[in-house]
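K.L.:
Got a sequence here, can you build the structure:
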Amino acid sequence: MSRTSKIFFGFFLLLIVLLTYLEATEPKPVNWTPSYTASDKIPLGSFVFYKSWKQAETREIKEVQIPPFEKFSDSLENGSYFFLNNAVNFDPDELDKILSWVSKGNQLFISARGISAKLLDTLHLETRLLTPTDDLSSKPKLNFKDSRLKTQQDFQFINEFTAMYFKEKDSASITVLGDLRINKKEEKAERKPNFISANFGEGKIFLHSTPEAFGNYFLLTEQNYRYSENVLAYLNKEAPLFWDTYYKAGKTIYSSPLYILLSNNRLKWAYYFLLAGCVLFIIFEGKRKQRAIPVVKPLKNQSYEYAKTVGDLYLEEKEYQELINKKIDLFLEYIRSNYKLSTKKQDEEFHTLLASKSGNSKTEGKKLFKKMESLSNNTTAGKTAFFELSEAINNYKNPKNGKSEK
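P.N.:
This is a model prediction of the structure:
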C-alpha cells in the first residue's frame, strides 16, 4: 500500500469514527410505536395504566399469554376479558368462542383502532375516521355521556393523530358511553361516539376506538388519568379480570439474547464496531490467503458422434440385417415410451390405439408392422431394404409428411 493510499485510508477511518461518535451521542428520538404492552414505558406503552390499575384493584388481574381460542378451549372461568392494542382481529372460530362466553353473562372489553370486521358486523357497526373541518389540527378531545362521569373540560390529547369513531348501521342496538371531537371552536364541535356498549345474551360487550387514551403519554398529562378510571368503572367489580398479552403490537417477552446488548446505546455501538472490525479483517486477510480456484470445463456430450460411429461401422461391415433389427427395436421402444402402449401383443386393439395416438391410419400401421415382420425374418435383406424401412418408420413418426387415410 502506497503512502497516499494509507493517508486516504486513515482519513476515511477517522471519518467513520467521528460519524459513529456523533450518532452515539445524539439524543435518542421519542419512540411512538403503538406497543400497548404492560412493560413498555414508551409514550404508547401501557406501563402506567397497567401498574396503576393493579394497585387500585383488590382482585387479581390474570395475564393471558396465549390466543383466546386456546384459553377458551381450557374452559375459561367467568369474568371480564380486556383487550388493548392497535388492532385486535379475531379469526371466525375464535370470535364464536368469545361471543359464546360473553352470552353466558361475561364482559368483553376491546380498545383498538382496528377491530374484527365480523364482530362489528354482528353489532351492526362500522368504524370511520373523523377529519378536522376548520383547520389542520387533529388533537382529539374525549369525554363521557353519563353526567356522573362527564367533566366540564374535555380530556385533551396534546399530540396529533387520526381519530376513529363508531357509526351505527340499521337495527344497531348500542349505548353510547363516550364521545370525542377534534374541532377547536366549541360552536363547531362535532362529537362522535368512540366508546360504546352492547348487550349480548346475558353479557355485555364494550368497544373503545381510542387505545391511545390508555398510553403512558396521555395518562401522565394533567388530569387525564381520570379518563381511564372512568372507563374502568363500567366493568364488573366482582368478576375476575383477564388481561390479554397475546394481541399486542409490542413484545411482552424478549426472547433474543441480543435484546439487552442492543437496548444500551454504548453496548450497541461497541457491538457494531466489533462486527465492522470482523468484516475488515475478513476482507484484508482474505486477499492474502485466498487462492484462485481453477475452472474445470464440463465433459462434452458425444452421444451423437458415438451413435454415428456405430452406425457407420455396421454399414461398412454390411451388417444390414443387424441394422434392420436395431431399427425395429428402436421403433418399438419409441411406441412404448411415447404412446405408452405395450408392443408384446400386436392385435386389433393395439393397432386401433396406435392409430388414434400416432395420427396415422390403422391400415398404414398394419402395413408397417407387416413390413417389419417380413424384413426381420429375411436374413438376405440388403441396403435398399434397410433404407426403405427407415423411410417408412420416419414417415409413420411424422404423419404430416405423408397422407393418412383415417
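K.L.:
what about T127, which SS state?
P.N.:
strand (DSSP: H, G, I helix; E, B strand; the rest coil).
K.L.:
who's in contact with I182?
P.N.:
L130, T131, P132, S137, S138, K139, P140, K141, A163 (Cβ atoms under 8 Å, 6 or more residues apart in numbering). Any C-beta I mention is one placed from the backbone N, CA and C, and that applies to glycine too.
K.L.:
could you redo the last one with a cut-off of 6 Å?
P.N.:
L130, P132, S138, P140, A163 (Cβ atoms under 6 Å, 6 or more residues apart in numbering).
K.L.:
With L220 instead?
P.N.:
Per Cβ under 6 Å, 6+ apart, neighbours of L220: none.
K.L.:
Same check on V48?
P.N.:
V48 neighbours (Cβ under 6 Å, 6+ apart): N216, L219.
K.L.:
Now name the helix or strand holding it.
P.N.:
helix 47-56 (DSSP states H and E).
K.L.:
so where's the stretch 51-200 of the chain uncertain?
P.N.:
134-137, 183-189 (pLDDT under 70).
K.L.:
residue boundaries of the strands in it?
P.N.:
Under the criterion DSSP state E, counting those that start in this stretch, strands of the stretch 51-200 of the chain are mapped to 61-64, 80-84, 87-88, 107-111, 114-115, 125-130, 141-144, 155-156, 163-168, 175-181, 192-200.
K.L.:
buried stuff in the helix or strand encompassing N394?
P.N.:
Assigned by DSSP H and E, N394 belongs to helix 383-397. Going by neighbour count (16 or more other Cβ atoms under 10 Å), the buried part of helix 383-397 is A385, F386, L389, A392, I393, N395, Y396.
K.L.:
helices or strands next to it in the packing?
P.N.:
Packing contacts for helix 383-397, counted by 3 or more Cβ pairs under 6 Å, 6 or more residues apart in numbering; DSSP states H and E, involve helix 320-339, helix 362-376.
K.L.:
swap the cut-off to 10 Å and go again
P.N.:
Here helix 383-397 touches helix 303-316, helix 320-339, helix 348-358, helix 362-376, going by 3 or more Cβ pairs under 10 Å, 6 or more residues apart in numbering; DSSP states H and E.
K.L.:
what's in contact with the shortest one?
P.N.:
This points to helix 348-358. Helix 348-358 is touched from outside by 335, 338-344, 346, 360-366, 368-369, 396-399, 404, 406, with contacts defined as Cβ atoms under 10 Å, 6 or more residues apart in numbering.
K.L.:
That helix vs helix 320-339, what angle?
P.N.:
Compare the direction of helix 348-358 with that of helix 320-339 by axes from the mean of the first three to the mean of the last three Cα atoms, to 10 degrees and you get 70 degrees.
K.L.:
Helix 348-358 vs helix 362-376, what angle?
P.N.:
Using the same axes, to 10 degrees: helix 348-358 against helix 362-376 is 110 degrees.
K.L.:
tell me the mean pLDDT over helix 348-358?
P.N.:
Mean pLDDT, helix 348-358: 86.
K.L.:
and Q346, what does it touch?
P.N.:
L332, I335, L354, G365, K366, F369, M372, E373.
K.L.:
before we move on, back to that, tell me which two in the contacts of I182 are the farthest apart.
P.N.:
Farthest pair in the contacts of I182 (Cβ to Cβ) is P132 and P140. Separation: 10.2 Å.
K.L.:
Give me the common contacts of these two.
P.N.:
E160, T162, A163, R181, I182.
K.L.:
okay if I get those residues as a markdown table plus distance to W53?
P.N.:
Formatted as a markdown table, the shared contacts of P132 and P140 follow (distance: Cβ to Cβ, whole Å):
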| residue | distance to W53 |
| --- | --- |
| E160 | 27 |
| T162 | 26 |
| A163 | 24 |
| R181 | 27 |
| I182 | 27 |
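K.L.:
Which one of these is nearest to E77?
P.N.:
Checking the shared contacts of P132 and P140 one by one against E77 (Cβ to Cβ), the nearest turns out to be A163, at 36.0 Å.
K.L.:
okay, now that closest one: neighbour count?
P.N.:
Neighbour count for A163, taken as other Cβ atoms under 10 Å: 25.
K.L.:
For it, which residues are in contact?
P.N.:
113, 128-132, 138-142, 157, 180-182, 192, 194, 209-210, 212.
K.L.:
Compute the distance between it and K28, please.
P.N.:
28 Å (Cβ to Cβ, to the nearest Å).
K.L.:
what do you get for K370?
P.N.:
Following Cβ to Cβ, the distance that separates K370 from K28 is 93 Å.
K.L.:
Ranking by neighbours, what's the top pick from the contacts of Q346?
P.N.:
Busiest of these [other Cβ under 10 Å] is L354, holding 22 neighbours.
K.L.:
Can you give me the distance of that residue to N325?
P.N.:
21 Å.
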